[in-house]
Each structure stands twice: as C-alpha cells, then as structure tokens.
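S.K.: Give me a model of this one.
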Amino acid sequence: MSPMRLKQDQIDRFWRDGCLVVENAVSAQQLAAINAELQSWVEESRQHTSPFGPLTIDERPRFDMGAEHSADRPALRRVNNPAEISPAYMEVMRDSAMVDMVADLIGPDVKYHHCKLNIKLPGAQTRVHFHQDFMYTPHTNDDIVTALLMLEDVDETNGCLMIVPGSHRGPLDSLFADGVFTGMVADARASELTAAQVPAMGKAGSVCLMHTRLQHASEPNAGSRARPLYICVYSAADAVPIARNPMPSPHEGMIVRGRPSASARMVDLQVELPKQPKSASFFTVQGQASVEA
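M.R.: Below you'll find the model as predicted:
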C-alpha cells in the first residue's frame, strides 16, 4: 500500500491528547480478511470449555474465553499474537496505512513489539480497568504507540475504549497493591480518571493511535454488536525493552518501517518492573477468570 501521511494538526493532536482516531487505517480487503478469520475463531471457540491452542512460544493457550463462555453464547475475548498464525493479520501488522501513521508519529524507524485481539462479543462481561500500557511493557524511552484497529463500528454501547486526554504527560501510576501485581491502578486513582474519561469511538477500519503512557479503560459490551480490536504495539527502533514481553513472539523486534538502530536511546525515568501473566491473558491478572476457572 502507498504510505498514508498524517496531517500536522493530527500529529499535534496526538502529542497533546495522547490519542488520535483516524479512519481508513486498512483497506476494505484487509478488513474483510481479518474479520473472516476472527469469525472462524469464534466458531471454533464454541467447541472448547477452556483456553485452547495452538500454544504461543511461551506455551500459553492462544485463545482465551471469559467465564461466561458457552457453545450457545461464545465469549472469546483474546487471541494472543494472531499475526503468528494468520497471514491476513500479519499483513495488516506489517503493511497497512496504520503502520505508516505510526511512523509519522514515532518514526521514521519503527519496530514491532507484539499484537493481540481483544474481543467483546455481545453479552460479554469483559472489562479493562485503568492502566498505562508502558507499565506492562517498559522501554528505555516511551516513543511507543499502541494501535487499536476497530474491526466493527465502536461506540459507547459496545464497550469502547475510555481515555483520559493528556494523561500520557502525567505520572506513571503503580499497578501493584500491597506488593501484588494487580495490573490496574488503585481505586482512588481510578475514580479520578473515571471523572475525566472520554470515549474513543470510530467506524470499522478506523484506528485509535494511543501513546503508551495514556490512561485507559473500558466497560463490558452492553450492545448487540461485537467490539473486536486488533491491537498492535510499535516502538521507535531505538526504544529497547527493559522487561520481558508479556506476549513473546518470534517476530518481536521486526523492523516495519525504516532501519534498525545501533543504539538505545535512554530517557530519565523510573518505572516498576511488571509481573507478566502466566495465564492465557492479562484479564486474569485484573481479576477476571477464564472459562476454566
């Protein structure tokens, strides 16, 4: 695909708010292909009563369902690193307008970190509590973008992302409570963030480009339309991880735009080291059981 360039006012908005929603981040053909793959995985999940494979390289089930899952009402909520098992998802991660937009923000040299599908089917109880992605994936600098591609139309009825504009310029909030890694901020801080949150909504094929330090959360899907997000994490080529990838992949570090960096760019920051999940998905870290529990 030919590169899609962001306008300067869009770039300025991203750095001001920590978030930018842009339409037409993938082609119609790419969107149709990844949606078809997802539907096949949802159908496959009906046959399972616990998280299932093929396993990821750290030997965790690739597909995870919520505790409310059943054959009649599937609750597939996570596919770990779908680009490893699907050429359609690999193409979108490597060669779509979405990647060009990321390069406009933190490029020209950009590398891939990991990807996942977060899915809220109608009636699913999955919620995401407030957190900053950087606290799961700390690097030597914070030129890191989480690109959340909307596979369906997303609004407040089906559990859209809720963001706190400008919070990427604020503190790094702990995800520990009494020495235990909970994967979410403390209740008092969550109340403050909830009071300032706004929805990040868009049409199918839009991408929400989110700074790694932006505070965000989401509620369960109370609507009749699914809310699947294909989430790809990219960093500047000179941003080097200082903690293990929570979703290891043989493709980690792949240069998707520009060239590799021969050095690591360091910035002055202090960040807690996360406790990475050993279960099928991070939802269990935030206290939401899988179907097997």
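
S.K.: spatially speaking, which residue is in the middle of this protein?
M.R.: In the chain, the residue lying closest to the centroid (C-alpha atoms, centre = their mean) is residue 231, at 3.7 Å.

S.K.: quick one, phi psi at that residue?
M.R.: phi -110, psi 120 (degrees, to the nearest 10).

S.K.: Who does it form a beta bridge with?
M.R.: Judged by DSSP bridges, the bridge partners of residue 231 are residue 116, residue 148.

S.K.: hang on, it packs against residue 149?
M.R.: Yes - under the criterion of C-beta atoms under 8 Å, residue 231 makes contact with residue 149 at 7.5 Å. Where you see a C-beta, it was placed from the backbone N, CA and C, and this is true even at glycine.

S.K.: picking that back up, where's the residue nearest to the centre of the chain relative to residue 218, distance?
M.R.: 12 Å (C-beta to C-beta, to the nearest Å).

S.K.: try residue 110
M.R.: 26 Å.

S.K.: pretty sure residue 183 is touching residue 128, no?
M.R.: No - contact between residue 183 and residue 128 fails when scored by C-beta under 8 Å: they sit 9.4 Å apart.

S.K.: Distance-wise, check the residue nearest to the centre of the chain relative to residue 128.
M.R.: For residue 231, the distance to residue 128 - C-beta to C-beta - is 11 Å.

S.K.: can you list residues touching both of the two?
M.R.: residue 118 (C-beta atoms under 8 Å, 6 or more residues apart in numbering).

S.K.: Going toward the C-terminus from the longest helix along the chain, what's the next helix or strand?
M.R.: For the chain, the longest helix by residue count, based on DSSP state H, is helix 28-45. Following helix 28-45 in sequence order, the next helix or strand is strand 63-65 (DSSP states H and E).

S.K.: the helices in the chain, which residues?
M.R.: Using DSSP H, helices in the chain cover 8-17, 28-45, 87-94, 97-106, 187-196.

S.K.: Most tightly packed of those helices?
M.R.: helix 97-106 (a mean of 23; mean count of other C-beta atoms under 10 Å).

S.K.: Need the CA coordinates for it. PDB is fine.
M.R.: What follows is helix 97-106 as a C-alpha-only set of coordinates in PDB (Å, rounded to 0.1, in the frame of the first residue of the first chain):
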ATOM      1  CA  ALA A  97      -1.800   2.500   6.300                       C
ATOM      2  CA  MET A  98      -2.000   2.000  10.100                       C
ATOM      3  CA  VAL A  99       1.800   1.400  10.200                       C
ATOM      4  CA  ASP A 100       2.500   4.500   8.100                       C
ATOM      5  CA  MET A 101       0.600   6.500  10.600                       C
ATOM      6  CA  VAL A 102       2.600   5.100  13.500                       C
ATOM      7  CA  ALA A 103       5.800   6.000  11.500                       C
ATOM      8  CA  ASP A 104       4.500   9.600  11.200                       C
ATOM      9  CA  LEU A 105       4.300   9.800  15.000                       C
ATOM     10  CA  ILE A 106       7.500   8.000  16.200                       C
END
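
S.K.: Run through who's touching it.
M.R.: Contacts for helix 97-106 (C-beta under 8 Å, 6+ apart): 1, 3-6, 11, 14-15, 22, 24-27, 92-93, 110, 143-145, 147, 149, 207, 209, 232, 234-236, 256-258.

S.K.: Now, of those, which are buried?
M.R.: 4, 6, 14, 22, 25-26, 92-93, 110, 143-145, 147, 149, 207, 209, 232, 234-236, 256-257 (16 or more other C-beta atoms under 10 Å).
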